[in-house]
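Engineer: need a 3D model of the sequence below.
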Amino acid sequence: MLVKKCGKKYVWTLLAFIMAAGCTSSPPSPYEQLTHKQLPHFRIPEELQLEIIAAEPLLVNPLYMEVDEYGRLFVLEATAVREGSDYTARISQLIDTNLDGYPDQRLTFADGLASPTGMLRWKNGFLLTSAASVSFLADTNDDQQADMREVLFEARHSYTKTKGLHAPVLGIDNQVYIANGYIDSLYCPLSAAESGKGQIFSSEGRSMRLLPDSVRLSPTASQAHFGHGFDPSGNYFVSNDSCLLGHEVVAYPYLLQNPPLLSWSAVQCMLADSGSSGQLPGMPVAPGLPLLEGPMFHIYEGAHLGAAYSQVVLVSQPGKRSHIRAFFLEQDKSSFRLTSPDSSSLFFSSSDSTFYPSGIFGGPDGALYILDYSSAPNQGRIYRLSQKNSAPFSWLGRLLLGKSSVSSLVQTLETPNVWWRKQAQRLLLHREDTQMREALFELIKNSEFPLAKVHALWTLQHFQLNDPISLDLALKDPDAVVRRHAIKITEIYRQRHPVLLRQLLKMTTEKDPQVRLQLLCSLGFSNHSSSNLVRRYLLNKDIADHWVHLAALSSMREIELPTLIQLVSDWEEPTASRQEFIEEISRLIGQNAGSETIEELLAFLNEQAANRPWWLESCIRGLRQGINEASSPVELSAVRIRQLSRLSELF
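Structural biologist: Next comes the predicted model:
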């Protein structure tokens with residue numbers, strides 16, 4: 001997308017503001033000899049090429065990289081590792097002073113950083129995470145150095161021996177997602193300065209979503225011990241102790257509708273650890289940083305590598321980071337599954353004993369950038385993986401996206417490479433312009449690129465500029481991804497614009513299972529009788545989908561028992577999925593309902609016991625499990641205790 005090729009008649013319409021340099025012949029890379037020396041150690045797909053674009057002594061031990069709207073390359077480097085898991089780091093800007101296209105000097109944006117675990121470009125600086133804090137570093141006088149630091153959130157306890165908070169990522173919904181698997185609560189010093197009493201946000205040991213400008217946190221439904229990320233359609237994926245790669249299917253706000261469900265898993269595990277996480281022969285030992293001890297994954301979104309790499313997920317296992325496997329991400333009902341292109345699924349590997357990748361990032365040219373932390377002292381490299389015979393590395397310091405008008409930024413949302421779309425959306429969030437609403441609305445109405453419409457919808461939402469007209473268009477869009485996001489945004493307007501609820505209730509003929517799941521979740525916020533009927537219809541339609549069960553249960557708070565009685569009356573024939581749901585709703589009653597409701601259920605079961613209906617065993621098993629899991633002891637009368645005991649003995 002990025003490169004204008006000499007002699008070609010096609011040029012992307014956005015190149016007028018993307019590139020500051022014209023089409024010139026590129027000088028040889030200063031790392032050409034080092035690249036050729038390293039290549040025999042690497043195994044890569046034959047249609048791709050590998051080159052080094054930065055190496056020691058220019059940088060050492062790179063952990064993260066960020067490219068901003070001007071093509072400035074910032075790298076988070078670990079400059080000194082102390083005993084234990086502590087280290088000191090800096091944020092460096094790599095610059096090209098001799099105009100050969102490659103970095104040759106380093107500017108220090110911030111130094112002396114204590115054990116940072118991730119960074120994200122935001123406004124005139126970076127959001128920076130450590131294991132127990134979230135800070136904002138800013139350059140307020142435009143001298144390319146951070147001169148302001150604000151601690152946005154911090155934990156009350158030290159978490160130096162675990163990764164804690166890490167990997168801030170901007171979601172398509174305008175919120176910054178922060179991976180977490182350990183921190184239970186965070187304190188906000190800024191709120192203390194304003195009100196005299198600091199606000200404490202409970203994270204419940206889950207990853208979090210942050211609205212930076214309002215300094216508000218909310219949990220996600222999952223933990224992420226080893227990173228997280230999004231696919232181009234905005235689906236959220238995590239990596240944790242129990243699952244190398246999982247998809248968060250049902251989001252936290254829906255589970256919160258029925259709080260006991262917060263203890264149930266909302267993650268579809270697509271790739272479990274094989275259990276053979278020991279070190280491969282000849283591979284480097286992990287450098288001793290918690291940040292680098294787990295698995296690593298990256299969902300390719302760059303378009304440059306070609307259609308064959310669309311929806312490709314790159315994954316490494318703990319202790320095997322230099323062996324990266326490739327999988328295809330495929331929709332599976334309301335979630336996803338991974339499929340392998342061949343039996344080994346090996347995409348990239350290295351026999352270099354010092355090579356230790358710390359991250360994989362997509363760039364503005366659509367290429368993949370692999371950071372080599374390196375187990376050798378004072379060493380570090382950035383590798384670029386691109387299509388064979390494609391144009392060389394050439395964007396450093398040469399992008400002009402930051403100077404674009406609002407209309408040009410809106411046009412950029414139609415770019416195939418997600419890097420451009422994310423940067424354009426981020427820049428639009430920082431601007432307030434009267435042209436924005438009209439330009440975004442026109443894009444939603446006329447664009448032929450579905451993902452551009454999704455970015456436009458969420459950008460409008462940031463400024464609360466969506467209306468029934470734009471959302472009605474999106475709810476009727478031919479593309480399922482657009483419809484799914486429109487349903488989610490409609491939740492915010494359900495009371496202000498009742499006509500939108502009527503539109504949702506008409507979507508019972510929806511063909512896509514992920515859209516139907518979102519519809520089921522979103523209708524959980526409505527107590528309208530028609531909403532109840534549609535939710536019941538969607539449950540019956542997709543009863544074979546386990547995640548539909550969870551979504552349906554989230555909307556049943558305090559109506560579990562009448563729903564259960566109605567379902568066993570309607571369902572004449574047993575199926576495995578129906579039995580599973582009966583067990584789940586009975587478990588929820590045992591966990592959540594009071595003693596009076598449980599006794600009412602036991603009375604109903606006792607009446608039905610003589611006929612031994614097909615659902616009775618599932619109901620009793622689920623009820624007993626829920627009672628055992630209840631947060632406080634369930635007090636039952638002696639009669640009901642005996643009834644439960646007798647019913648249990650039937651099976």
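Engineer: could you count how many residues lie near residue 87?
Structural biologist: Close neighbours of residue 87, defined as other C-beta atoms under 10 Å, add up to 22. No exception for glycine: its C-beta is placed from N, CA and C like everyone else's.
Engineer: the longest helix out of those in the chain: which residues count as buried?
Structural biologist: For the chain, the longest helix by residue count, based on DSSP state H, is helix 576-592. Across helix 576-592, burial judged by 16 or more other C-beta atoms under 10 Å covers 578-592.
Engineer: which parts of stretch 471-479 are buried?
Structural biologist: 471-475, 477, 479.
Engineer: what are the ranges of the strands in the stretch 151-300 of the chain?
Structural biologist: For the stretch 151-300 of the chain, the strands defined by DSSP state E, counting those that start in this stretch cover 166-170, 176-179, 185-188, 199-202, 208-211, 216-219, 228-230, 236-240, 243-248, 267-271, 296-299.
Engineer: could you dump these to CSV with mean pLDDT and mean neighbour count?
Structural biologist: What follows is the strands of the stretch 151-300 of the chain, written out as CSV (pLDDT from 0 to 100; neighbours: other C-beta atoms under 10 Å):
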stretch, mean pLDDT, mean neighbour count
strand 166-170, 96, 23
strand 176-179, 97, 25
strand 185-188, 90, 19
strand 199-202, 87, 15
strand 208-211, 94, 21
strand 216-219, 92, 19
strand 228-230, 96, 22
strand 236-240, 95, 25
strand 243-248, 95, 24
strand 267-271, 96, 20
strand 296-299, 93, 21
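Engineer: redo these as TSV? Include distance to residue 615.
Structural biologist: Output for the strands of the stretch 151-300 of the chain, formatted as TSV (distance: least, C-beta to C-beta, whole Å):
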stretch	distance to residue 615
strand 166-170	43
strand 176-179	40
strand 185-188	41
strand 199-202	37
strand 208-211	39
strand 216-219	34
strand 228-230	38
strand 236-240	34
strand 243-248	30
strand 267-271	26
strand 296-299	41
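Engineer: out of those strands, which gets nearest to residue 101?
Structural biologist: Comparing these against residue 101 with C-beta to C-beta, the closest turns out to be strand 296-299 (24.4 Å).
Engineer: low-confidence regions, the protein specifically.
Structural biologist: Residues of the chain that meet the criterion pLDDT under 70 lie in 1-27, 83-85, 157-163, 191-198, 274-291, 318-319, 343.
Engineer: picking up where we left off before, for the longest helix of the chain, name the packing helices and strands.
Structural biologist: helix 546-554, helix 560-570, helix 595-608, helix 616-629 (3 or more C-beta pairs under 8 Å, 6 or more residues apart in numbering; DSSP states H and E).
Engineer: of the buried residues of stretch 471-479, which belong to helices?
Structural biologist: Per DSSP H, those map to helices at 471-475.
Engineer: and of those, the nearest to residue 391?
Structural biologist: residue 474 (36.4 Å).
Engineer: skipping its backbone neighbours, what lies nearest that closest one in space?
Structural biologist: Nearest non-adjacent residue to residue 474, counting by C-beta to C-beta, 6 or more residues apart in numbering: residue 486, 3.4 Å away.
Engineer: what separates the helix or strand containing that neighbour from the chain centre, distance-wise?
Structural biologist: Element membership for residue 486, per DSSP states H and E: helix 480-490. How far helix 480-490 lies from its chain's middle: 17 Å, per C-alpha atoms, centre = their mean, to the nearest Å.
Engineer: closest to residue 215 among the buried residues of helix 576-592?
Structural biologist: Out of the buried residues of helix 576-592, the member with the shortest distance to residue 215 (by C-beta to C-beta) is residue 592, at 32.9 Å.
Engineer: quick check: the closest one touching residue 556?
Structural biologist: No: under the criterion of C-beta atoms under 8 Å, residue 592 makes no contact with residue 556, lying 9.5 Å away.
Engineer: quick one: buried residues of stretch 67-76?
Structural biologist: So for stretch 67-76, counting by 16+ other C-beta under 10 Å, buried means 67-69, 71-76.
Engineer: quick one on the thing from earlier: winner for burial among the helices and strands packed on helix 576-592?
Structural biologist: helix 546-554 (a mean of 24; mean count of other C-beta atoms under 10 Å).
Engineer: for that helix, name the packing helices and strands.
Structural biologist: helix 252-256, helix 513-523, helix 529-541, helix 576-592.
Engineer: let's see 6 Å
Structural biologist: Secondary-structure packing of helix 546-554 (3 or more C-beta pairs under 6 Å, 6 or more residues apart in numbering; DSSP states H and E): helix 513-523, helix 576-592.
Engineer: can you put these in CSV and add distance to residue 630?
Structural biologist: Output for the helices and strands packed on helix 546-554, formatted as CSV (distance: least, C-beta to C-beta, whole Å):
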stretch, distance to residue 630
helix 513-523, 25
helix 576-592, 5
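Engineer: pull out the buried residues from stretch 392-401.
Structural biologist: 392-399, 401.
Engineer: now that stretch - C-alpha only, CSV.
Structural biologist: In CSV, the C-alpha atoms belonging to stretch 392-401 read as follows (Å, rounded to 0.1, in the frame of the first residue of the first chain):
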residue,chain,number,x,y,z
PRO,A,392,12.8,-1.9,0.1
PHE,A,393,12.3,-0.3,3.5
SER,A,394,11.7,3.3,2.8
TRP,A,395,9.1,4.9,5.1
LEU,A,396,11.3,6.1,8.0
GLY,A,397,10.5,9.7,8.8
ARG,A,398,8.7,10.1,5.5
LEU,A,399,5.0,9.9,6.3
LEU,A,400,2.7,12.9,6.4
LEU,A,401,-0.4,11.4,7.9
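Engineer: which residues touch residue 219?
Structural biologist: 203-204, 206, 208, 252 (C-beta atoms under 6 Å, 6 or more residues apart in numbering).
Engineer: before we move on, the earlier item: could I get the helices and strands packed on helix 576-592 in a markdown table, plus columns for distance to residue 502?
Structural biologist: Putting the helices and strands packed on helix 576-592 into a markdown table (distance: least, C-beta to C-beta, whole Å) gives the following:
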| stretch | distance to residue 502 |
| --- | --- |
| helix 546-554 | 21 |
| helix 560-570 | 24 |
| helix 595-608 | 33 |
| helix 616-629 | 35 |
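Engineer: any idea which of those helices gets closest to residue 313?
Structural biologist: Closest among the helices and strands packed on helix 576-592, using C-beta to C-beta: helix 546-554, at 19.5 Å.
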